[in-house]
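J.: take this sequence and fold it.
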Amino acid sequence: MPDLLASPLVTTLLARSPPPPLTASRVWRTNLTPDIDSLNVSLNIRAALHLLNDDFDACHSLAQTQEGDPYADHLHCIAHRREPDYWNSKWWIARISHPHLAEIYAPHVASASLSQAKKAAEEFVDAVQRAETSGRGITELEQRQWAELTTLTKILIEEGH
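T.: Numbering: from 1, shown residues only. Down below sits the predicted model:
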């Protein structure tokens with residue numbers, strides 16, 4: 001799968017600048033949707049690519065078909081946060097569990113536990129909700145969200161999830 005990381009589709013999505021908004025009112029590039037849908041890759045990878053393209057509906061549909069898969073549940077959680085449906089996002093955080101959560105949500109905490117990573121993910125949802133209400137801290141949170149999205153996508157592609 002590492003070849004996928006070098007594909008024009010994925011490099012376009014990963015090179016996006018500025019990073020996507022915390023919530024989006026429309027798909028970033030609708031012309032990429034059929035390209036994502038036609039990939040012969042796992043549903044999780046397609047869902048992650050749709051999420052990078054601000055296509056919450058496509059991501060949500062794919063993730064929902066795999067409920068119980070830890071990576072699909074994680075994508076489901078992020079899609080809800082970006083919709084924004086903060087309560088539902090936090091509901092999914094309580095259900096996600098995979099070995100990369102600490103890497104994504106607590107990268108600066110040596111040997112962070114699953115519970116620490118989940119707490120950091122919940123705090124991120126709360127911070128996004130506050131920023132969307134107050135208008136403060138949005139740029140920093142968009143950068144954090146971009147790191148979350150790209151890290152998860154690269155993990156899914158590199159490990160073939």
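J.: do a quick rundown of the helices in the protein.
T.: Assigned by DSSP state H, the chain shows helices spanning 2-5, 8-14, 33-37, 43-52, 56-64, 70-82, 86-93, 101-105, 114-134, 138-159.
J.: how about residues contacting the last one?
T.: It refers to helix 138-159. 1-2, 4-5, 10, 13-14, 18-22, 41-42, 44-45, 48-49, 51-52, 71, 74-75, 78, 82, 100, 103-105, 124, 127-128, 131-132, 161 (CB atoms under 8 Å, 6 or more residues apart in numbering). Every residue, glycine included, has its C-beta placed from N, CA and C.
J.: if you set the cut-off to 6 Å instead, what comes out?
T.: Contacts to helix 138-159, defined as CB atoms under 6 Å, 6 or more residues apart in numbering, come from residues 1, 4-5, 14, 19, 22, 44-45, 48, 52, 100, 104, 127-128, 131.
J.: quick one: buried ones out of these?
T.: 4, 19, 22, 44-45, 48, 52, 100, 104, 128, 131 (16 or more other CB atoms under 10 Å).
J.: residues contacting residue 100?
T.: Residue 100 makes contact with residue 155, according to CB under 6 Å, 6+ apart.
J.: quick one on the thing from earlier: could you dump the buried ones among the contacts of helix 138-159 into CSV and include pLDDT and distance to residue 118?
T.: Rendered in CSV, the data for these read as follows (pLDDT from 0 to 100; distance: CB to CB, whole Å):
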residue, pLDDT, distance to residue 118
4, 95, 29
19, 94, 23
22, 97, 20
44, 98, 19
45, 98, 23
48, 98, 20
52, 98, 23
100, 95, 13
104, 96, 11
128, 98, 16
131, 97, 20
